[in-house]
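A.B. asks: Could you look at this predicted model? Sequence included:
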Amino acid sequence: MFDTRVFLDSFTEEEKAELKGHFSNADRQVFAIITPRQVDRGALMSRYSRTDKTMRRVFLDEFAKNPNRGEEFYRRVLLEYGDDSVAELGEAQVAIEGISNIAAKKIEDRRIGLSYLEKSSRYVTFDQKVGGYYRYCREEGIMASPHADKYIEACDHSFDTYSKSIQPLQAFLKKREPIDRFSFFDSASQHEVPFGELRLDKDIKAADRIYNVTIKAKAFDILRGLLPASTMTNVGVTGNGRAFEYLLTLMYGSKLKEIRSIADQMFGELNAVIPSFIRRANDKYGQALQEYITKTESATSKLVKTYLSGIPAEENPELVRLVDYEDNFQAEVKVASAILYEQAQGQALHRIINYVKSMATEERHKVIRVYTELRTNRRHRPGRAFEMVDYTFELFTNFGMFRDLHRHRVLTMERQLLSTRHGFDLPQELVEAGLDKDFKDCMYMSKGVHETIAKTMPEEAQYVVNFAYRYPYFVKINLREACHMIELRTAPQGHPDYRIACQKMFTEIWRVHPTLAEGMKFVDMNRYQLERFDAEKKTEKKRQQTG
């Protein structure tokens, strides 16, 4: 067997000592770059593509004796030549804490090059005050306006209503779904048995823990609609320099002072770790981009007033509406052709398409079904042939649910300003628990304050709007990503709001493309009372096994 190591660089013992601490090894074909400075890692990767030398040799020849080599490289390539792609080689992780949900969603709008983790509203309570204040953003623009007192009153009322509803709602849920109805793992029999048949203290304590966590999560699910969009959250962002630079540029151009302030702080922190990659975020380059975006938005706004001002708002819009899709035959032909193309040898796509068009329906369906019949769980994602078909859905969901679907990246999502004009969702459990009057009173107060602020400050008015208010947006999504999102979001432990919406999306896809929809094999169309129950049982079992 031929040994490829003959092509590898060989280093002296002195050179190996110098490479230590910068690369994971000095003599193997695969190695990790561990040099401490991020700018040097990125520069090495970029320089790698422009030389015949090995990376470790590049480091010894060009970087080891010049501590500023990485900075100099990027200044020349990125700033002088404008080669934006090399900025993707610098990466950073940033934590942004105590920001509003308005700011968090604006940051998370950026889809490419950035990944996010955000504080959950399902497992964390928001009833605690810090220094006498609830955790919501007091945006500078609002606080400097005549609306400040009304804004504070509405947000405080939202949090007060949320806080005082937690205990009575949990009591109602426990009465409706008592622990005796559920089965738990019994160590003695090694099987699940009804709660009343558990005998060992550790099993009883584990069952209580599972049950109480599930009830608490259900209560938070129901009550999160009371939280205003000003509610503070924490966001972790991982990404490359190019994506961070574009994000910062857009944030600097925001109309909201909160977002511009966050941009300033982010720039300062990123400048300490990947300075060469984000240097242009607010210079002439960034300002020109901001001006372009601002002027385009202004021009578009004028077009809306010209052409759409006479169209009345829709009364009681549907939760999910499929507004654009392809003819079933054409969709099947596209997918079947792409399936066959991948394994074809030398066959042109247009000829495969023509052949598939001539196939009998049952033969075309056979091709499509073979493509997904071996899927045994939702993580077995269909291949890229499913990306050949797109759907456009318009959704009118509550803002809390929008936050969950917003996390999906491989789709196009456009949204409007958050407002109170489309009404709100009232959970049935609050009606049954007798907590609906307080909920409605909270919504009506927020609506009044929002409408007052929105007359002069439409962007800032979003902060007072509760999660329960319905929010219009559209999603353009291909079949492959629809399969991933819908199967994930209809899982039993999911929030009931987005499960219902995704079930409706699936129903619509099945209606227009039934054979293609067969490939979405793990969509759960059931309803659940305590969504987190089974998931918490699995978590408890793992905890005991590792404890």
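C.D. replies: Ah, there it is.
A.B. asks: Look up the closest residue to Val273, ignoring the ones flanking it.
C.D. replies: Ala92 (5.2 Å; CB to CB, 6 or more residues apart in numbering). In short, each C-beta sits where N, CA and C put it, glycine included.
A.B. asks: Residues contacting stretch 45-64, please?
C.D. replies: Applying CB atoms under 8 Å, 6 or more residues apart in numbering, the contact partners of stretch 45-64 are 8-9, 11, 15, 18-19, 22-23, 26, 31, 33, 35, 40, 43-44, 69-70, 73, 77, 86, 89.
A.B. asks: before we move on, back to that, give me the buried positions along the helix or strand containing the residue nearest to Val273.
C.D. replies: For Ala92, the host element (DSSP states H and E) is strand 91-100. Residues Glu91, Ala92, Val94, Ile96, Ile99, Ser100 are the ones in strand 91-100 that count as buried (16 or more other CB atoms under 10 Å).
A.B. asks: What are the contacting residues of that strand?
C.D. replies: By CB under 8 Å, 6+ apart, strand 91-100 touches 38, 42, 104, 107, 135-137, 139, 229-241, 244, 258, 262, 266, 269-270, 273-274, 463.
A.B. asks: if you set the cut-off to 7 Å instead, what comes out?
C.D. replies: 38, 137, 229-240, 244, 258, 262, 266, 269-270, 273-274, 463 (CB atoms under 7 Å, 6 or more residues apart in numbering).
A.B. asks: from the residues you listed, which would you call buried?
C.D. replies: The buried subset of the contacts of strand 91-100 - by 16+ other CB under 10 Å - is 38, 137, 229-233, 235, 237, 239-240, 244, 258, 262, 266, 270, 273-274, 463.
A.B. asks: what sits against the most centrally placed residue in the chain?
C.D. replies: Taking CA atoms, centre = their mean, the centroid of the chain lies closest to Arg407, which sits 1.4 Å from it. Arg407 makes contact with no residue under the criterion CB under 7 Å, 6+ apart.
A.B. asks: For it, grab phi and psi.
C.D. replies: phi -70, psi -10 (degrees, to the nearest 10).
A.B. asks: Same check on Arg111?
C.D. replies: Dihedral angles (degrees, to the nearest 10) for Arg111: phi -90, psi -30.
A.B. asks: what's near enough to touch it?
C.D. replies: Counting by CB under 7 Å, 6+ apart, Arg111 has contacts Arg409.
A.B. asks: what secondary structure does Arg379 sit in?
C.D. replies: coil (DSSP: H, G, I helix; E, B strand; the rest coil).
A.B. asks: now swap in Leu395 and tell me
C.D. replies: Put simply, Leu395 is strand when judged by three-state DSSP.
A.B. asks: Next up, the contacts around it.
C.D. replies: Contacts of Leu395 were listed using CB under 7 Å, 6+ apart, and they are Leu319, Val320, Tyr473, Val475, Ala501.
A.B. asks: Name the residues linked to it by a beta bridge.
C.D. replies: Counting by DSSP bridges, Leu395 is bridged to Val320, Tyr473.
A.B. asks: can you tell me how far it sits from Gln529?
C.D. replies: For Leu395, the distance to Gln529 (CB to CB, to the nearest Å) stands at 25 Å.
A.B. asks: cool, and Leu270?
C.D. replies: Using CB to CB, we find Leu270 at a distance of 46 Å from Gln529.
A.B. asks: cool, and Ser165?
C.D. replies: In terms of CB to CB, Ser165 sits 19 Å off from Gln529.
A.B. asks: Show me the shaky parts of the stretch 401-547 of the chain.
C.D. replies: Applying pLDDT under 70 to the stretch 401-547 of the chain flags residues 545-547.
A.B. asks: where do the helices sit along it?
C.D. replies: Listed in chain order, the helices of the stretch 401-547 of the chain (DSSP state H, counting those that start in this stretch) span 428-432, 436-454, 458-461, 479-489, 496-512, 514-517, 533-546.
A.B. asks: List the buried residues for the longest one?
C.D. replies: The one in question is helix 436-454. Under the neighbour-count criterion of 16+ other CB under 10 Å, helix 436-454 has Asp438, Phe439, Cys442, Met443, Met445, Ser446, Lys447, Val449, His450, Thr452, Ile453, Ala454 buried.
A.B. asks: which helices and strands does it pack with?
C.D. replies: Here helix 436-454 touches helix 148-176, helix 458-461, going by 3 or more CB pairs under 7 Å, 6 or more residues apart in numbering; DSSP states H and E.
A.B. asks: Now those in CSV, please, with extra columns for distance to Leu223 and mean neighbour count.
C.D. replies: Supplementary listing: those in CSV, determined by distance: least, CB to CB, whole Å; neighbours: other CB atoms under 10 Å:
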stretch, distance to Leu223, mean neighbour count
helix 148-176, 6, 18
helix 458-461, 23, 20
